[in-house]
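[1] have a look at this prediction, sequence included:
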Amino acid sequence: MSMSAARIGAIIRKELAEFRRNRFILVTASILPVVFLISPTATILATKATALTTVLRKRVETGLFLPLLIPAFVPAILAAYAVVGEREQETLEPVLTTPVTRVEFLLGKAAAIFMPAVGISYLMFGVFVAITQFAASPVATAVLHAPQLPAELVFIPLLAAWTIWVGLAISARATDTRVAQQLSVLASLPLVAVAALMSFQVISPTFEVVAALAGGLLVVDALACFAVARVFDRERLITGTKPTGEGTAQQRYRVRGA
Amino acid sequence: MTQRPPSRLPAIAPAPAPVRSLISVEYCFVPGSPSSPVRPPQPAKTAEAAAIQVSHLTKSFGPRLAVADVSFSVARGEVFGFLGPNGAGKTTTVRILGTLIAPTAGSAVVAGLPLGPASAAEIRQRISIMPEAPGLYRRLTVTENLEYFARLYGLPRREQRIAEALAAVGLADRARDLTGSLSKGLRQRAALARSLLNDPAVMFLDEPTSGLDPVATHEVHGLITGLRDRGVTVFLTTHRLDEAERLCDRVAIMNTHLQTIGRPDELRQMLFNRSLTITTAAPLPEPDKVFAGLPAVQSWQASSPATPSADGPAGYLLAVTDPAKAAPAVTRALVAAGADVLSIAEPRHTLEDVYLELVQDTEGRTR
């Protein structure tokens, strides 16, 4: 049975409907981006016109760094809940009794988290850029035309993808939602370090560096997707037990994407 | 695939009278040997007719044996009861047949497809499983829940299918309610509606009436009967033995091993000695003379009251080979002996008696 876009779409649609209905998810997913927007924007707006250009540049760069934290943290919680949460509310087994394959299930889950996470990140980034253009025009224009701007645009989805795959992998193996969410947040920290080094120009975001890092992250994301599909095992998820015994190598249903 | 009537869901009908077997099926009971293979693969009428064919299915979870060398077949359109105590391997068997978990050994054919990784998704397309827990998304409405699953099954005419499924379980008026606001019984109905969506060839129902009130239970029984009439094979896991007796063409009793399989009335006959109970107005002066030599009567013993008084009613229990043959002869003999016969009856054992006899016997040996 080939991969079905309709089934992936069904999962995305259902996930987004659940997000909309769950105030807790909406609030917790919104707080961090709003803080990351308000904090640097207020700092820039509070900067006096007579301030040194280097000070203003530093503040704009800090502001550009913060939107990278959104795809590193916001999807982590949602991805960590995605599988183990369904298992806890006993909705996983009925879904797994349908023809949906593990790859479709995971892609649907990932896409449903990816879209709002990246959307919010771009939105916050856009608002921040608009405000800084308006309030600190000369410096902001200089900064925003540097490689940081395309780097931000490229890295936001790549960081989100990484965070989501790690979160899904943890979720597929965890037995408790809280543990899965904490581990997912911890797994995002290395990305934050890289983003910080780049934003503060410890790693100079030249076109080559950005392209190399983006390419590397793309490969890592693809490998992560493959790895998550491997750890997603219907039997373990339903029974909590690792499949054992003779014949399992041929008979395990996770083989061939089933 | 098997041929079935057009995919219109059965409306709820009044629960049927107790269902007797429609299909003659061989069975094999091996009392007192739970560790031995109880029965070989049971042939269905034809290979095409078997909706489920299980052969030497075994499943271990580490050192724990959950299902041991189980073989049976279920004919198309049959309502098959799967009984057993908690931890007997019923749910594990259903999960194996539903391709959710892999067997440690053995093989099976489900809905015309061999169980295996290559056919798993296709099997899931042809069957439906209603787990014991309703497993509904509580923040979505009933319709949204069903729509999600209809999309996962890739169903055309989703709205119509959903409306039919909801009507079939009597939930049409609650379609827009959040499932989190429904009672347990209504959620159970919604889950049942979900399992009807894809017009399955084989339905696995795990405790479908758990938590339902008597009226809803009655309706679900009618629904199951309607499904059978449409040629849908129903694999019913239940603890309610009255339900199994009422609905199932055949039942299997599991306790890790398959203890027995057959029609409820056949199991009763096989497990319990056939007998007649007789009550007379007063004790017979010489019962030996009355009962000795009668056709189909093997032996007799006094039953209640244990110590009959000289002028009170007396009871006798006769072991017989054929009650229909023995009863007229016994009646004539009693009348000839001048006895006032108050009653002659064949004791009727329920499926519960069969179940308890088998399960307690097995557990006694295990201890």
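    Done, it's in. Numbering: from 1, shown residues only, chains lettered A, B, ... in the order given.

[2] what residue ranges in the stretch 101-250 of chain A score low on pLDDT?
    Filtered on pLDDT under 70, the stretch 101-250 of chain A yields the residue ranges A:136-148, A:195, A:198-201, A:204-206, A:241-250.

[3] which residues of it fall in helices?
    Under the criterion DSSP state H, counting those that start in this stretch, the stretch 101-250 of chain A contains helices at A:102-135, A:137-144, A:148-173, A:177-199, A:207-231, A:234-239, A:248-251.

[4] which other helices and strands contact the third one?
    When you say that, I think you mean helix A:148-173. helix A:53-82, helix A:84-88, helix A:102-135, helix A:177-199, helix A:207-231 (3 or more Cβ pairs under 8 Å, 6 or more residues apart in numbering or on different chains; DSSP states H and E). Every C-beta, even on glycine, is put in place using the N, C-alpha and C of the backbone.

[5] and if we set it to 6 Å?
    helix A:53-82, helix A:102-135, helix A:177-199, helix A:207-231 (3 or more Cβ pairs under 6 Å, 6 or more residues apart in numbering or on different chains; DSSP states H and E).

[6] please identify the buried residues of stretch B:339-349?
    Within stretch B:339-349, the residues scored as buried using 16 or more other Cβ atoms under 10 Å in any protein chain shown are B:339, B:344, B:349.

[7] and if you look at stretch B:240-257?
    B:240-241, B:243-257.

[8] so which of these are in strands?
    If you go by DSSP state E, the buried residues of stretch B:240-257 have B:250-255, B:257 in strands.

[9] Serialize those to CSV and add fields for pLDDT.
    Output for those, formatted as CSV (pLDDT from 0 to 100):
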residue, pLDDT
B:Arg250, 93
B:Val251, 91
B:Ala252, 92
B:Ile253, 89
B:Met254, 89
B:Asn255, 88
B:His257, 90
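
[10] return the helix or strand in chain B with minimum mean pLDDT.
    helix B:351-366 (a mean of 67; mean pLDDT, DSSP states H and E).

[11] what does the stretch 51-200 of chain A have sitting close to chain B?
    A:90-91, A:93-94, A:96-101 (Cβ under 6 Å from any Cβ of the partner chain).

[12] any of the residues you listed buried? List them.
    Buried, going by 16+ other Cβ under 10 Å: A:91, A:93-94, A:96-101, out of those.

[13] okay if I get those residues as TSV plus secondary structure and distance to B:Asp322?
    Converted to TSV, those look like this (DSSP: H, G, I helix; E, B strand; the rest coil; distance: Cβ to Cβ, whole Å):
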residue	secondary structure	distance to B:Asp322
A:Thr91	coil	55
A:Glu93	helix	49
A:Pro94	helix	50
A:Leu96	helix	52
A:Thr97	coil	47
A:Thr98	coil	52
A:Pro99	coil	53
A:Val100	coil	56
A:Thr101	coil	58
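
[14] report how many residues lie close to the closest residue to chain A within the stretch 201-350 of chain B.
    Nearest residue of the stretch 201-350 of chain B to chain A: B:Phe204, at 8.4 Å (Cβ to the nearest Cβ). Residues near B:Phe204, counting by other Cβ atoms under 10 Å in any protein chain shown, number 28.

[15] and if you look at B:Thr321?
    If you count neighbours by other Cβ under 10 Å, B:Thr321 ends up with 12.

[16] got phi/psi on it?
    Main-chain dihedrals, B:Thr321, degrees, to the nearest 10: phi -90, psi -30.

[17] helices along chain B, start to end?
    Along chain B, counting by DSSP state H, helices occupy B:90-97, B:120-126, B:142-152, B:158-168, B:184-196, B:214-229, B:241-247, B:264-271, B:287-291, B:323-336, B:351-366.

[18] among the ones you listed, which comes closest to A:Phe114?
    helix B:142-152 (19.3 Å; Cβ to Cβ).

[19] can you tell if the closest one touches chain A?
    Yes: applying Cβ under 6 Å from any Cβ, one finds helix B:142-152 in contact with chain A at B:148, B:151-152.

[20] now residue 107: closest residue in space that isn't a chain neighbour?
    Assuming you mean chain A. Once flanking residues are discounted, A:Leu107 sits nearest to A:Ile8: 5.2 Å by Cβ to Cβ, 6 or more residues apart in numbering or on different chains.

[21] actually, chain B is the one I wanted.
    The shortest distance from B:Ser107 to any non-neighbouring residue, by Cβ to Cβ, 6+ apart, is to B:Ser55 (5.1 Å).
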